[in-house]
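Chemist: Next comes the sequence, and after it the predicted model I'd like to discuss.
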Amino acid sequence: MAAPAPLRDRVYLLVSRIPPGSVATYGQLAELAGYPRRARFVGQALAAAPRSLGLPWHRVINAQGRISPRRGEGRRRDAESLQQRLLEAEGVPFVGGRVDLARHRWQPVVDAAWARAVAREAR
DNA sequence: GGTTTGACCCGTT
DNA sequence: CAACGGGCCAAAC
């Protein structure tokens, strides 16, 4: 499975705008990209994201405030602990294995142009 | 070309 | 809190 190209590219743009110390959820990004209820594809997009983009991928977690479990073994599991360490290093604490979304969720300022583009294309 | 497979989410039981 | 079901839908097989 792979995310549709339009969604994928918007996700990359959105993720690149998440500031240090904040986190966004998969569903939130899908919504912002104009593709509500397509949270899974956001995960797909991130899994397929080239390292060369240098995206702050670690700032994307699931709606429960937890780091989403990777399917594979070995390196993928390492990515999970790395993600937590990167976030804690930025000042995003994990309490009981979860991030307090009410406090750390990214609240982007959506400009009028973007809102219009999304409204037009989101059918 | 039908089936399986996901870095997900949410309401219900 | 855990389990389940339904929504989502492009690829890989």
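Modeler: Yep, that arrived. Numbering: from 1, shown residues only, chains lettered A, B, ... in the order given.

Chemist: which residue packs closest to the spatially most central residue of chain A, ignoring adjacent ones?
Modeler: Residue closest to the mean C-alpha point of chain A, counted by CA atoms, centre = their mean, is A:Val60 at 3.1 Å. Sequence neighbours aside, A:Ala24 is the residue nearest to A:Val60 in space, at 5.6 Å (criterion: CB to CB, 6 or more residues apart in numbering). Placement of C-beta: from N, CA and C, glycine included.

Chemist: Can you tell me the SS state at that neighbour?
Modeler: Using DSSP: H, G, I helix; E, B strand; the rest coil, the structure places A:Ala24 in strand.

Chemist: Which pLDDT value goes with it?
Modeler: We have a pLDDT of 98 for A:Ala24.

Chemist: show me where chain A has helices.
Modeler: A:5-16, A:26-32, A:39-47, A:75-89, A:101-104, A:112-121 (DSSP state H).

Chemist: related to what we said a few turns ago, contact partners for the residue nearest to A:Val60?
Modeler: A:Leu14, A:Val15, A:Ile18, A:Arg59, A:Val60, A:Ile61, A:Arg105, A:Trp106 (CB atoms under 8 Å, 6 or more residues apart in numbering).

Chemist: Using PyMOL, define a selection of the buried residues within the residues you listed.
Modeler: To isolate the buried ones among these in PyMOL, judged by 16 or more other CB atoms under 10 Å, type:
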select buried, chain A and resi 14+15+18+59+60+61+106
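
Chemist: now the contacts of A:Ala24 in a markdown table, with distance to A:Ala49?
Modeler: Output for the contacts of A:Ala24, formatted as a markdown table (distance: CB to CB, whole Å):
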| residue | distance to A:Ala49 |
| --- | --- |
| A:Leu14 | 12 |
| A:Val15 | 8 |
| A:Ile18 | 13 |
| A:Arg59 | 13 |
| A:Val60 | 10 |
| A:Ile61 | 16 |
| A:Arg105 | 21 |
| A:Trp106 | 18 |
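
Chemist: Which of the contacts of A:Ala24 fall in strands?
Modeler: A:Val60, A:Ile61 (DSSP state E).

Chemist: since we're on the nearest residue to A:Thr25 once chain neighbours are set aside, how many residues are nearby?
Modeler: Distances taken as CB to CB, 6+ apart place A:Ala63 nearest to A:Thr25, at 4.8 Å, with adjacent residues excluded. When neighbours are defined as other CB atoms under 10 Å, A:Ala63 has 12 of them.
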